[in-house]
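Q: Okay, predicted coordinates and the sequence, questions at the end:
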Amino acid sequence: MPFRNLLFIGLLVWLGVSCKSKQDPEPTNPVIPSSFGFNSLKVNDSYSGYDYVNVNVRPKIRFAFSSTLNSNSLQNGISFNSKDGKAVPFTAVLEGGDSAVLVTPTSNLDYLQAYTVSATKALKSKNNGTLLSEVKVNLTTALDSANKFPVISNDELLTLLQKQTFKYFWDFGHPVSGLARERNSSGDIVTTGGSGFGIMTIPIAIDRKFITRAQGLQRIQLITGFLKDKAQKFHGAFPHWLNGATGAVQPFSEKDNGADLVETAYLIQGLLTARQYFNAGDAAETALRSDITKIWEAVEWDWFRKNNEDVLYWHWSPNFNWDMNHQIRGWNECLITYVLAASSPTHSIPKSVYDNGWAGNASFKNGKAYYGLTLPLGEPYGGPLFFSQYSFLGLNPTGLSDSYANYFTQNKNHSLINYNYCIANPQSFNGYSDQCWGLTASDIPSGYNANSPTNDKGVITPTAALSAFPYTPTESMRALKFFYYKLGDKLWGEYGFHDAFSLNELWFADSYLAIDQGPIVIMVENYRTGSPWKLFMSNLEVKAGLKKLGFTSTATTGRALN
């Protein structure tokens, strides 16, 4: 082949390669979208972590990132949900050179509700990068400050509180026995101690004209007849729970299936109050007083010394005898047990049992100051507030002293320490304040707890502050108004206030408990007129028992009935 032809072919080959390289370049590594990070957060133009409380109902949430954002990813990349998972409509607007997004709800949120706003991994950068990790902020909106009910006078509010709360005992009294159900969902289970509290509310209800005297007498007759003739007893003492239809023991726990001396004391406290109230000379009220006396005198308080020891024991079981081995020692809610044991005309205990058992030879003294208030007796910060309430429904602490304490000082300071603790709020629970206070045993979101400053779960129990009225009238009235006017749409029901609530967890109980309802009615009345105190303290046996134990009293209490 001639040389020029070879040259021509070579030229064509060269041209082909050259054109190919220009038209079809060799592939290079593709651009991989890079991930991006979260830079900052602001809620309503400020930052304080990822949990916000008392937020307004139209908040602004601003997320800032390390890369510019793809606007098309905002609706999928941002989520806004209520506590129950319901989606909240929102707007999302890019800011800061498109590296930040401002999120706002399209309409007002609900008051006192929890919400979560999240920047999720569905959020993309402009080059389609992925957010390294999700960012979540929790919001709790503020309480609606509007009153939930019309404002009425303080006396009208106290009467309404007592009337609605009393209805628990009237409506939930067992139809066979008349005894109080343990709680509104207890069926046939009735409580002896809570029934004692319920019995004490009946004279109040009569005087306040919630019921007639005839209605009250009929209910007490039903109760005392059942207790005397049907209820199972052990050495005269009653169990914690009974079957309200049959009178048989309903075990409180495996070994707590017999006598409960403390619950018996609460029951007797109520019965002795009723005995003093129903004082007419007719056959019906005379027979009622006789029945109450028989029940009272049958309790073998001295037998619960277990082999004549200088201490009372709480439980005895027909199957397990003294196995629970729970001595009744102070300071707690059980002072009334020792007072009644000393007062018994048939089975009394000597003062040595009180001094060595209950007082532990003064070992129950405290004497330390909390929030500037000296606490004479008991555990640090005083414990749950029922310590200052259950024994003092009938036992008047006003001017009451013995060698260990002045009991009005004890109970007032205990209540004020509880109040000041809630104001200080060392655990930063949402909602605690000078209006929202009161720690005592109650339901909590996960069960039941003896709430106190040293065992605080963020739960406020209305009975704590309301049953402290005789000790802290100003602070208790402030709490009552807050519970009723500000939280009433969530907390107030047919039988008064529900058992407990937590603004920290946005939880409101739907339960009512006899042992929490009763003290409200009774202690409010002790604040208003002192009538339960006057009735109980007028028992001659109680006067003698207090004197035996070394108590002195200068009580002059109560305002005019209004």
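A: Cool, got the structure.

Q: and stretch 46-55, which residues are buried?
A: Across stretch 46-55, burial judged by 16 or more other C-beta atoms under 10 Å covers Tyr52, Val53, Val55. Yep, even glycine has a C-beta here, placed from its N, CA and C like the rest.

Q: now, which of the residues you listed sits nearest Gly518?
A: Val53 (33.8 Å; C-beta to C-beta).

Q: The closest one should be in a strand, yeah?
A: Yes - under DSSP: H, G, I helix; E, B strand; the rest coil, Val53 falls within a strand.

Q: Renumber starting at 14 from here on
A: Happy to do that; since the first residue is 14 now, the last one works out to Val66.

Q: so how far is Gly396 from it?
A: 28 Å (C-beta to C-beta, to the nearest Å).

Q: Next: Arg75.
A: Separation of Arg75 from Gly396 (C-beta to C-beta): 46 Å.

Q: Please say which of these two ends up with more neighbours.
A: Gly396 (26 against 19; other C-beta atoms under 10 Å).

Q: Tell me if I am right that Val130 is in a strand.
A: Yes - according to three-state DSSP, Val130 belongs to a strand.

Q: For Gly271, give me its contacts.
A: Applying C-beta atoms under 8 Å, 6 or more residues apart in numbering to Gly271 gives the contacts Phe247, Pro252, Val262, His328, Trp329, Ser330, Pro331, Asn332, Phe333.

Q: What's opposite the third one in the beta bridge?
A: Legend: beta-bridge partners of Val262 under DSSP bridges are Leu255.

Q: Report the rounded mean pLDDT for stretch 108-122.
A: Taken as a whole, stretch 108-122 has an average pLDDT of 97.

Q: ok, now stretch 389-403?
A: 98.

Q: Any buried residues in it, and which?
A: 389-392, 394-403.

Q: Name the residues of the helix or strand containing Gln231 that are buried.
A: Take DSSP states H and E as the rule and Gln231 turns out to sit in helix 226-242. Across helix 226-242, burial judged by 16+ other C-beta under 10 Å covers Arg226, Gly229, Leu230, Arg232, Ile233, Gln234, Leu235, Ile236, Thr237, Gly238, Phe239, Leu240.

Q: Please identify which of those residues is nearest to Val130.
A: Closest to Val130, out of all of the buried residues of helix 226-242 and judged by C-beta to C-beta, is Arg232, at 54.6 Å.

Q: Neighbours of the closest residue to Gly50 other than its chain neighbours, how many?
A: Nearest non-adjacent residue to Gly50, counting by C-beta to C-beta, 6 or more residues apart in numbering: Ser79, 4.5 Å away. Close neighbours of Ser79, defined as other C-beta under 10 Å, add up to 15.

Q: Would you mind measuring from Ser79 to Ser112?
A: 7 Å.

Q: Residues that sit against both of the two, list them.
A: Common neighbours of Ser79 and Ser112 (C-beta under 8 Å, 6+ apart) are Asn52.

Q: Verify the stated contact: Tyr181 with Asn197.
A: Yes - using C-beta atoms under 8 Å, Tyr181 is in contact with Asn197, at 7.3 Å.

Q: Which neighbours do these two have in common?
A: Tyr508, Tyr525.

Q: So between those two, which is more surrounded?
A: Neighbour totals were compared for Tyr181 and Asn197, and Tyr181 leads with 28 against 19 (other C-beta under 10 Å).

Q: Next up, the contacts around the closest residue in space to that one that isn't next to it in sequence.
A: Of all residues beyond its chain neighbours, the one nearest Tyr181 is Tyr508 (4.1 Å), with distances taken as C-beta to C-beta, 6+ apart. Counting by C-beta under 8 Å, 6+ apart, Tyr508 touches Gln177, Thr178, Lys180, Tyr181, Asp184, Phe185, Asn197, Tyr525, Gln530.

Q: Phe496 now?
A: Counted by C-beta under 8 Å, 6+ apart, Phe496 has contacts Cys449, Pro475, Leu479, Leu504, Trp505, Phe510.

Q: what is the mean pLDDT for stretch 195-204?
A: 94.

Q: Quick one: end-to-end length of it, please.
A: This stretch, stretch 195-204, spans 5 Å end to end (C-alpha to C-alpha, to the nearest Å).

Q: cool, and stretch 283-298?
A: With C-alpha to C-alpha applied, stretch 283-298 spans 16 Å between its terminal residues.

Q: can you list contacts of it?
A: Contacts for stretch 283-298 (C-beta under 8 Å, 6+ apart): 208-213, 215-216, 219, 230, 233-234, 237, 299, 301-302, 305-306, 308-309, 406-407, 545, 548-549, 551-552, 554-555.

Q: returning to what we had before: what about the contacts of Tyr508, which one has the most neighbours?
A: Ranked by neighbours (other C-beta under 10 Å), the contacts of Tyr508 are led by Gln530, which has 31 neighbours.

Q: give the contact list for that residue.
A: Thr178, Tyr181, Phe182, Phe210, Thr476, Tyr508, Gly509 are the contacts of Gln530 under C-beta under 8 Å, 6+ apart.

Q: if we can go back for a sec, closest one of the buried residues of stretch 59-68 to Phe317?
A: Closest to Phe317, out of all of the buried residues of stretch 59-68 and judged by C-beta to C-beta, is Val66, at 49.2 Å.

Q: Can you tell me how far the closest one is from Ile236?
A: 46 Å.

Q: Spit out the contact partners of Ser94.
A: Small correction: residue 94 is Asn, not Ser. Neighbours of Asn94 in contact, by C-beta under 8 Å, 6+ apart: Ala100, Val101, Tyr128, Thr129.

Q: Of those, which is the most crowded?
A: Counting neighbours by other C-beta under 10 Å, Tyr128 comes out on top of those with 22 neighbours.

Q: ok, it to Ser404 distance?
A: In terms of C-beta to C-beta, Tyr128 sits 45 Å off from Ser404.

Q: what residues are up against Asp304?
A: Thr237, Gly238, Lys241 are the contacts of Asp304 under C-beta under 8 Å, 6+ apart.

Q: Need the three-state assignment for it.
A: helix.

Q: doesn't Leu174 make contact with Met490?
A: No - between Met490 and Leu174 there is no contact under C-beta under 8 Å: 10.7 Å.

Q: okay, these two: which has more neighbours?
A: Each of Met490 and Leu174 has its neighbours counted (other C-beta under 10 Å); Leu174 has more, 22 against 17.

Q: Read off the pLDDT value for Ser31.
A: Listed pLDDT for Ser31 reads 43.

Q: any idea of the mean pLDDT in the helix or strand hosting Ile533?
A: Using DSSP H and E, the element containing Ile533 is helix 527-541. Here helix 527-541 scores 98 as its mean pLDDT.
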